[in-house]
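*Asks:* let's see this in three dimensions:
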Amino acid sequence: VQNTSTWDEIVHLATELERCGVTIINTGIGWHESRVPTIATTVPRGAFTWVTQNMKKHTTVPLCTTNRINNPDTIEHVLKQGHADLVSMARPFLADEAFMKKAYHNMPKQINTCIACNQACLDHVFQGKRASCLVNPRACHEKELPPLDDSNKNDTTKARKNVAVIGAGPAGLATALQFAQFGHCVTLYDKDAQLGGQFNMAKRIPGKEEFYETL
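*Replies:* You can find the predicted model right below:
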């Protein structure tokens, strides 16, 4: 953004904050008004951790890096390379509230990846709407759409039904999965041999390769 802070000013701010007693500094980068993308899907994973690494030369307190970090491999790489002391995430927890549990148990492929589309999180916030997630509609709607667990699982199968779901796009796949988890017999129909629907077109766009991880 034109006339924004210079690097020297940012370093000065960080050193003054440390002098005043802060114990951790977050190095989130960029403005949404900037013409340079910082959090969109086209931005490579961990693209700005080098900024945090440069800041470590000027401070002694732990530095937290962020921006387009959405899987355990990226986190491990950033920390092992010494780019930062901590990593912060927000949108990935909307995409999968069990992110840390799956990472801890070495199940990274089961993580529902944040695809950095910003359509249901940031776009909603900017419009004064409730934030949610395009790949996890239950996010921030947990009271209206409670998750299936041991406390309510038995109640769902009292009237077991045969369910037909037409269309194997993301919505159809999610619907089929939900019905199956509730104990119903589900048959999923689609005219194509490949699952994914129009999402298969979207993931072929350069810069959107992470869409492959949604299916």
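*Asks:* any idea which helix or strand in this protein has the lowest mean pLDDT?
*Replies:* Sorting the helices and strands of the chain by mean pLDDT, DSSP states H and E puts helix 153-156 at the bottom, at a mean of 56.
*Asks:* what pLDDT does residue 34 get?
*Replies:* Residue 34 carries a pLDDT value of 81.
*Asks:* and the next helix or strand past the least confident helix or strand of the chain?
*Replies:* Moving toward the C-terminus from helix 153-156, the next helix or strand (DSSP states H and E) is strand 162-166.
*Asks:* counting contacts, what elements does the helix or strand that that next one is followed by pack onto?
*Replies:* Downstream of strand 162-166, the first helix or strand assigned by DSSP H and E is helix 170-181. Other elements packing on helix 170-181 under the criterion 3 or more CB pairs under 8 Å, 6 or more residues apart in numbering; DSSP states H and E are strand 162-166, strand 185-189. From N, CA and C alone the C-beta is placed, and that goes for glycine too.
*Asks:* how about helix 170-181: buried residues?
*Replies:* Within helix 170-181, the residues scored as buried using 16 or more other CB atoms under 10 Å are 170, 172, 173, 175, 176, 178, 179.
*Asks:* lowest pLDDT pick from those residues?
*Replies:* Ranked by pLDDT, the buried residues of helix 170-181 bottom out at residue 178, which has 86.
*Asks:* so the residue sitting nearest the centre point of the chain is in which element?
*Replies:* By CA atoms, centre = their mean, the chain has its centre lying nearest to residue 92, at 2.3 Å. Using DSSP H and E, residue 92 maps to helix 91-95.
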